[in-house]
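J.: Got a sequence here, can you build the structure:
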Amino acid sequence: MSETAHALEAALNLDGGAVAREPGGAVHLVGSECRDCHARVFPPTPVCPSCMSENMAPLDLSRRGTLYSWSVVHAAPRGWKRRGPG
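T.: Numbers count the residues shown, from 1 in each chain. Modelled structure (predicted):
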């Protein structure tokens with residue numbers, strides 16, 4: 001896997017199938033689409049937040065987009081369990 005793929009996976013810290021790897025090592029995001037109401041969500045979920053259907057399908061998201069905002073959390077919420085070394 002490329003350094004970029006490792007960096008993205010570490011930065012997103014997502015579980016499950018939210019990040020997919022392509023044969024060349026590139027990565028892209030995967031969401032879910034409801035087969036009943038066609039709502040799209042990220043990260044993928046087994047239940048549609050719009051209609052509560054469990055009829056969800058994986059959805060490869062676009063490789064292009066616009067980042068409108070971001071934030072950095074410097075204090076963990078109460079009860080947070082540290083993962084990893086240190």
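J.: how about the strands of this structure, start to end?
T.: Under the criterion DSSP state E, strands of the chain are mapped to 19-21, 27-34, 40-41, 56-60.
J.: could I get the ones you listed as TSV with mean neighbour count, distance to Ser71 and mean pLDDT?
T.: In short, each C-beta sits where N, CA and C put it, glycine included. Formatted as TSV, those follow (neighbours: other C-beta atoms under 10 Å; distance: least, C-beta to C-beta, whole Å; pLDDT from 0 to 100):
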stretch	mean neighbour count	distance to Ser71	mean pLDDT
strand 19-21	14	20	84
strand 27-34	19	18	91
strand 40-41	14	20	96
strand 56-60	13	25	95
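J.: show me what contacts the closest residue to Ser50 other than its chain neighbours?
T.: Leaving out its chain neighbours, the residue that sits closest to Ser50 by C-beta to C-beta, 6 or more residues apart in numbering is Ala39, at 4.0 Å. Shown in contact with Ala39 (C-beta atoms under 8 Å, 6 or more residues apart in numbering): Glu33, Cys48, Pro49, Ser50, Cys51.
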